[in-house]
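# From the sequence below, what's the structure:
(one chain, ligands or ions: 1)
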Amino acid sequence: GREFPKAKPGKGIVPVINVNDYVTKSKFDNLYGCRESLIDGIKWATDVMIAGKVAVVADYGDVGKGCAQTLPGFRARVIITEIDPIKALQAAIEGYEVTTMDEACKEGNIFITTTDCFDIILGQHFEQMKGDAVVCYIGHFDVETDGKWLNENAVENVTIKPQVDHCRLKNGFCIILLVEGRLVNLGCAMGHPSFMMSNSFTNQVMAQIEQWTRPDKYPVGVHFLPKKLDEAVAEAHLGKLKVKLTKLTEKQAQDLGVPIN
Ligand code: NAI
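Okay, here's the model as predicted:
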């Protein structure tokens with residue numbers, strides 16, 4: 001029953017809650033979800049042995065961190081590319097080699113991009129890759145890999161099975177491109193485990209309840225929700241994992257100046 005003003009170019013007309021940046025979304029779905037479903041996608045598509053290979057992960061954001069964490073479990077060596085000095089330093093301190101795509105393209109056997117930035121893997125990179133390099137993407141927009149260059153420059157392009165293209169370049173080497181450069185974990189596998197998605201969707205439900213029950217708190221614009229709701233989402237999932245949460249004593253709570261939980 002709420003009335004909203006008419007849309008003006010560049011201006012929102014309804015209240016919006018940014019659920020994407022909830023901790024229980026971005027630090028869970030993006031990181032832990034991709035940590036599980038990336039390998040699923042690569043394995044279902046290619047059956048390639050990951051051990052002993054070099055995997056290049058373009059970026060060390062939340063999704064990149066998840067991808068970087070899972071690959072050494074299969075005994076791949078991981079190289080990271082980053083533009084953000086803090087994340088590049090984090091990656092280096094975690095023990096990953098950090099370099100540019102111009103360098104990494106010569107070393108990698110498996111390439112994963114998730115930067116949301118265009119022109120990450122270009123023709124010049126494809127041309128320097130090792131034979132049968134697997135190239136895939138796990139972000140949301142298919143702008144990172146220059147698929148057009150591959151289409152125009154491959155001397156042979158065989159679709160081995162749906163979502164798996166084997167492109168032979170003029171130098172004789174082949175690139176295995178997954179899902180034509182779109183999301184590998186959805187295109188080649190089943191996405192994240194449902195427990196992980198439950199975190200993300202609980203966020204959305206909480207946001208809708210909050211917006212519906214307290215409309216006055218949310219005028220037209222983009223809003224972030226109180227940390228309490230983020231905590232409530234996490235708390236709702238603890239029982240399933242048999243987690244025992246420590247409660248502050250009254251004295252501890254008083255000392256910290258927080259309400260007793
Ligand atoms: P983020 O913002 O944490 O990470 C992006 C990173 O890319 C940043 O660290 C940034 O510095 C880096 N970057 C930007 N341009 C770069 C460049 N040219 N070269 C190297 N690094 C560069 O974002 P997040 O949370 O990791 O999400 C990434 C994408 O993944 C988003 O589109 C998101 O929607 C999507 N996503 C996909 C999922 C899936 O199931 N496939 C699940 C969750 C998120």
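
# any chance you could map the strands in the stretch 51-200 of the chain?
Assigned by DSSP state E, counting those that start in this stretch, the strands in the stretch 51-200 of the chain fall at 54-58, 77-81, 97-98, 110-113, 133-137, 156-161, 164-168, 174-178.

# With adjacent residues omitted, what lies nearest to D102?
Across the structure, with Cβ to Cβ, 6 or more residues apart in numbering as the measure, the residue nearest D102 apart from its sequence neighbours is H125 (7.4 Å). (Each C-beta comes from the backbone N, C-alpha and C, glycine too.)

# ugh, wrong one, H192
What sits nearest to H192 in space, not counting adjacent residues and going by Cβ to Cβ, 6+ apart, is G33, at 3.5 Å.

# So the one you found belongs to a strand, correct?
No - per DSSP: H, G, I helix; E, B strand; the rest coil, G33 lies outside any strand segment and is helix.

# Against the ligand, how distant is it?
Here the criterion is Cβ to the nearest ligand atom, to the nearest Å. By it, G33 lies 6 Å from the ligand.

# residues contacting the residue nearest the centre of the chain?
Taking Cα atoms, centre = their mean as the criterion, V63 is the residue nearest the geometric centre of the chain, at 2.9 Å. Taking Cβ atoms under 8 Å, 6 or more residues apart in numbering, we find V63 in contact with N30, L31, C34, T114, I138, G139.

# Now the residue of the stretch 1-150 of the chain found nearest the ligand. Its backbone dihedrals?
The ligand sits closest to G61 of the stretch 1-150 of the chain, with a gap of 1.8 Å, by Cβ to the nearest ligand atom. For G61, the backbone dihedrals (degrees, to the nearest 10) come out as phi -80, psi -160.

# do D132 as well
Reported as degrees, to the nearest 10, the phi and psi values for D132 are phi 60, psi 30.

# now swap in the one 10 residues further on and tell me
For D142, the backbone dihedrals are phi -90, psi 60 (criterion: degrees, to the nearest 10).

# pretty sure it contacts R182?
Yes - D142 is in contact with R182 according to Cβ atoms under 8 Å; the separation is 4.6 Å.

# okay, these two: which has more neighbours?
Applying other Cβ atoms under 10 Å to D142 and R182 shows that R182 carries more neighbours, namely 20 against 14.

# Check that one and give its pLDDT.
Taken from the predicted model, the pLDDT recorded for R182 is 88.

# What of N261?
The model reports N261 with a pLDDT of 63.

# show me what contacts D132?
The contact partners of D132, by Cβ under 8 Å, 6+ apart, come to N109, F173, C174, I175, I176.

# Name the nearest residue to the residue nearest to the centre of the chain, ignoring sequence neighbours.
If you skip the residues right next to it in sequence, V63 has T114 as its closest partner in space, 4.3 Å away by Cβ to Cβ, 6+ apart.

# who touches the one you found in this structure?
With contacts defined as Cβ under 8 Å, 6+ apart, the neighbours of T114 are C34, V57, A58, D59, G61, V63, G64, C67, Y137, I138, G139, E144.

# From C34, how far off is it?
Going from T114 to C34 by Cβ to Cβ, to the nearest Å gives 8 Å.

# Need the overlap of contacts for those two.
By Cβ under 8 Å, 6+ apart, T114 and C34 have these common neighbours: V63, C67, I138.
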